[in-house]
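Colleague: This is a predicted model, with the sequence first.
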Amino acid sequence: QVQLVESGGGLVQAGGSLSLSCVVSGGTFRSYSMGWFRQAPGKAREFVASISRMGASTDYADSVKGRFTISRDNAKNTVYLQMNSLKPDDTAVYYCARSFYMTRASVNFDSWGQGTQVTVSS
């Protein structure tokens, strides 16, 4: 059974940085694209970034483009999200998820982590 475990969340001041990690156990990690989503209080879950199976292609929401970087290490079964120039609007629970192909639609992701809280203070 596949398991996704996020880590690296926390409290940071606006303008600061955080690096999230998501370790995947079970399944064949390199067979899946991976994505990050976030959900702020009272808002719907939204796409943040995705990366292809070998890491050659990436996709970002406009709201994070140029500030966030998604990457993966298939040898470590891990996907990362480097977040720079953080803003209070980035405050949310961040989730990693896997899909068979790169997509922004959450319905196409078949497995999800429990999430890690990111709080950005002004």
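Modeller: Yes, it's here. Numbering: from 1, shown residues only.
Colleague: where does the protein dip in pLDDT?
Modeller: Residue ranges of the chain with pLDDT under 70: none are present.
Colleague: The strand or helix carrying Tyr94 pairs with which strands, and in what direction?
Modeller: Following DSSP states H and E, one finds Tyr94 within strand 92-99. Sheet pairing for strand 92-99, assigned by DSSP bridges, gives strand 33-39 (antiparallel), strand 109-112 (antiparallel), strand 116-121 (antiparallel).
Colleague: Pull the contacting residues for the residue nearest to the spatial centre of the chain.
Modeller: Among the residues of the chain, Trp36 comes closest to the average C-alpha position under CA atoms, centre = their mean, at 2.5 Å. For Trp36, the contacting residues are Leu20, Cys22, Val48, Ala49, Ser50, Ile70, Val79, Leu81, Tyr94, Tyr95, Cys96, Ala97, by CB atoms under 8 Å, 6 or more residues apart in numbering. No exception for glycine: its C-beta is placed from N, CA and C like everyone else's.
Colleague: Return the distance of the nearest residue to it once chain neighbours are set aside relative to Ala75.
Modeller: Nearest non-adjacent residue to Trp36, counting by CB to CB, 6 or more residues apart in numbering: Val48, 4.3 Å away. Val48 is 24 Å from Ala75, where distance means CB to CB, to the nearest Å.
Colleague: ok, those two, which is more surrounded?
Modeller: With neighbours defined as other CB atoms under 10 Å, Val48 and Ala75 compare such that Val48 has more, 25 against 8.
Colleague: give me the number of residues near Val93?
Modeller: Val93 - counted by other CB under 10 Å - has 18 other residues nearby.
Colleague: Repeat that for the one 10 residues further on.
Modeller: Neighbourhood size, Thr103 [other CB under 10 Å]: 15.
Colleague: Over to the one 4 residues further on?
Modeller: Neighbour count for Val107, taken as other CB under 10 Å: 7.
Colleague: if I look at the spatially closest residue to Tyr101 that is not a sequence neighbour, how far off is Leu18?
Modeller: Leaving aside its chain neighbours, Tyr101 sits nearest to Ser33 (5.7 Å; criterion: CB to CB, 6+ apart). In this view, Ser33 and Leu18 are 23 Å apart by CB to CB.
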